[in-house]
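In: sequence first, predicted coordinates after that:
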Amino acid sequence: MSRPATNTAQVSANEVLIAMEDDIAIVTLNRPAQMNAVNSALRRALISALSSLNADERVRAIVLTGAGDRAFCAGQDLSEAAALTTPHIEPWLREQRAMYQAVRDLDKPCVTAVRGVAAGAGFQIALCSDWRVTTADSRWGQPEVKAGLASIVGTFLMTLHVGHTHNVQMSLSGELISGQRAYDIGLVTQLCTTETLMTEAIQRARTLAALPATAVRVSKQRIREVTQAGFDDACEAGLRGQLACFASGEPQAVIARFLARR
């Protein structure tokens, strides 16, 4: 994936990369061989990176993206999920919740640039951001039910963006939709070409960064306050739901079949 070279300095490595474009921080999920699927190392790195950038007065806005051409983030790393046993499910889901909350807690504008797939956990990360820029042929969705998992947190996040009919269709079918369709129903903020994706995302971040910082911060805090109770409730319901799913054995069976085929 190309990156603008001017005034860009690499300041971290491994699962999450941070680069600066003047006062814009570009945060890249960096597991391209795994389509940037979320594992524990990536979750913790992303939480740490966003917390640090939120506290850094030099940073005025953040762009989230994924390494490689195939995906922003294809969701949870199923190899990690396959190893879960009942005592580990709650800590795993609490860590997932903390990752989404780290995006929600940003007091600075956050633009997500999606090339390829944004599914499951990646879909939910993008929905927690303020602005979503993508291409018409990208793929978006909530495929949890296909892996034997309940669609709960993502379903709540979709209520903030789309109507009930679209939400039910995506939550219960697990099918991915195109970036064009996601734009048409209100999940995506802006469409562009593959070649201009990062340029458009950074330009939008610059435009938002140029706004009065206190007004943006207070507005974002109020938006967060209005939706926090629903988010908290969804996360607790998600914990109960996934415990029930794992107790049934369905996720373990589906994930085992998928890993065996792969």
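Out: That came through fine. Numbering: from 1, shown residues only.
In: contact partners for the residue nearest the centre of the chain?
Out: With distances taken as C-alpha atoms, centre = their mean, I125 lies nearest the centre of the chain, 1.8 Å away. By C-beta atoms under 8 Å, 6 or more residues apart in numbering, I125 lies in contact with 64, 73, 99-100, 103, 112, 118. C-betas here are computed from N, CA, C, even on glycine.
In: go again with 10 Å.
Out: I125 is in contact with 29, 38, 46, 64, 66, 72-73, 75, 99-100, 102-103, 110, 112, 114, 118, 157, counting by C-beta atoms under 10 Å, 6 or more residues apart in numbering.
In: and the residues you listed, which of them are in strands?
Out: 29, 64, 66, 72-73, 110, 112, 114, 118 (DSSP state E).
In: the residue nearest to the centre of the chain: which element?
Out: helix 121-128 (DSSP states H and E).
In: kindly calculate the angle that that helix makes with strand 110-114.
Out: 140 degrees (axes from the mean of the first three to the mean of the last three C-alpha atoms, to 10 degrees).
In: what helices or strands is whatever helix or strand comes next after helix 121-128 leaning on?
Out: As assigned by DSSP H and E, the chain's next helix or strand after helix 121-128 is strand 131-135. Applying 3 or more C-beta pairs under 10 Å, 6 or more residues apart in numbering; DSSP states H and E, we find strand 131-135 packed against strand 61-66, strand 110-114, helix 121-128, helix 179-185, strand 190-192, helix 197-209.
In: ok, whatever helix or strand comes next after strand 131-135: who's next to it in the sheet?
Out: Proceeding N to C from strand 131-135, the next assigned helix or strand is strand 139-141, under DSSP H and E. Counting by DSSP bridges, the strands paired with strand 139-141 are strand 117-119 (parallel), strand 177-178 (antiparallel).
In: how distant is the first one from the center of its chain?
Out: The reference is to strand 117-119. Here strand 117-119 is found 9 Å from its chain centre; the criterion is C-alpha atoms, centre = their mean, to the nearest Å.
In: can you offset everything so residue one is 28?
Out: Done: numbering now begins at 28, and the last item shifts to strand 144-146.
In: looking at the ones in strands among the contacts of I152, which is nearest D260?
Out: C137 (23.0 Å; C-beta to C-beta).
In: picking that back up, any chance of a ChimeraX selection covering the buried ones in the ones in strands among the contacts of I152?
Out: Filtering those down to the buried ones (16 or more other C-beta atoms under 10 Å) takes a single ChimeraX command:
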select :56,91,93,99,100,137,139,141,145
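In: so what's R124 closest to, chain neighbours aside?
Out: C262 (4.6 Å; C-beta to C-beta, 6 or more residues apart in numbering).
In: burial measure for the one you found, as a count.
Out: 19 (other C-beta atoms under 10 Å).
In: hang on, it packs against E122?
Out: No: look at C262 against E122 with C-beta atoms under 10 Å: they stay out of range, at 11.4 Å.
In: picking up where we left off before, a markdown table for the ones in strands among the contacts of I152, including pLDDT and distance to E202?
Out: Shown next, in a markdown table, are those (pLDDT from 0 to 100; distance: C-beta to C-beta, whole Å):
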| residue | pLDDT | distance to E202 |
| --- | --- | --- |
| L56 | 98 | 23 |
| L91 | 98 | 24 |
| G93 | 98 | 21 |
| F99 | 98 | 18 |
| C100 | 98 | 18 |
| C137 | 98 | 27 |
| T139 | 98 | 21 |
| V141 | 98 | 17 |
| A145 | 98 | 14 |
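In: which one of the ones in strands among the contacts of I152 is nearest to F273?
Out: Among those, and counting by C-beta to C-beta, the member closest to F273 is C100, at 22.4 Å.
In: now the nearest residue to the closest one once chain neighbours are set aside: how far from W119?
Out: What sits nearest to C100 in space, not counting adjacent residues and going by C-beta to C-beta, 6+ apart, is G149, at 2.6 Å. Distance of G149 to W119, given as C-beta to C-beta, to the nearest Å: 17 Å.
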